[in-house]
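Visitor: This is a predicted model, with the sequence first.
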Amino acid sequence: MILMDELFSVPNADDLTRLISRLGAAALLGGMIGLEREWVGKAAGLRTHMTVALGCAAFMLVTLESDPTGGSLSRAIQGIAAGIGFIGAGTILKRSKEEDIQGLTTAASIWLTAAVGAAAGAGQGWLGLITVLMAFLILSILTAVDKWLAKLRGRPAE
């Protein structure tokens with residue numbers, strides 16, 4: 001019974017509300033980026049972005065719960081930023097043509113989603129929201145500019 005209490009003790013209502021709201025905010029914010037990626041038919045869409053944001057928020061919450069002074073937060077952020085690169089790298093494809101690389105924007109959106117999740121997990125939901133709004137503008141509105149520039153260069157846009 002001691003082991004169960006140690007591993008699965010339910011926090012008080014205020015702490016539980018805080019944890020759930022941060023995890024929920026991370027998933028929703030990540031989902032906003034993922035929805036745009038899903039809409040344009042990219043391989044990493046809604047579920048991938050939500051899961052990345054949720055996982056990063058969980059890492060931040062584990063760090064905060066383990067070290068309430070916050071001294072380990074910078075190490076957690078460094079680990080998330082470096083580790084998420086492996087997922088992003090898996091979305092990048094080099095085609096046969098020298099300049100034909102696909103997936104860079106999706107890799108960047110996954111990396112950005114990790115930052116959004118980390119912000120929500122650290123209790124900085126407002127920062128995550130502003131970041132998502134800016135990302136949405138970049139990913140949706142600037143796509144037309146990217147296509148126009150690619151057409152001028154005679155290359156396909158990502």
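Guide: Nice, thanks for sending it over.

Visitor: what's the neighbour count on residue 10?
Guide: 8 (other C-beta atoms under 10 Å). In short, each C-beta sits where N, CA and C put it, glycine included.

Visitor: For it, which residues are in contact?
Guide: By C-beta atoms under 8 Å, 6 or more residues apart in numbering, residue 10 lies in contact with residue 16.

Visitor: That one in helix, strand or coil?
Guide: Here residue 10 is coil, with the state taken from DSSP: H, G, I helix; E, B strand; the rest coil.

Visitor: so which strand or helix has the residue nearest the centre of the chain?
Guide: For the chain, the residue nearest the mean C-alpha position is residue 113 (1.7 Å; C-alpha atoms, centre = their mean). Following DSSP states H and E, one finds residue 113 within helix 104-121.

Visitor: Follow the chain on from that helix and name the next helix or strand.
Guide: Downstream of helix 104-121 (by DSSP H and E), the next one is helix 125-136.

Visitor: so residue 23 touches residue 54, yeah?
Guide: Yes: assessed by C-beta atoms under 8 Å, residue 23 is found in contact with residue 54 at 6.2 Å.

Visitor: Many thanks, we can stop here.
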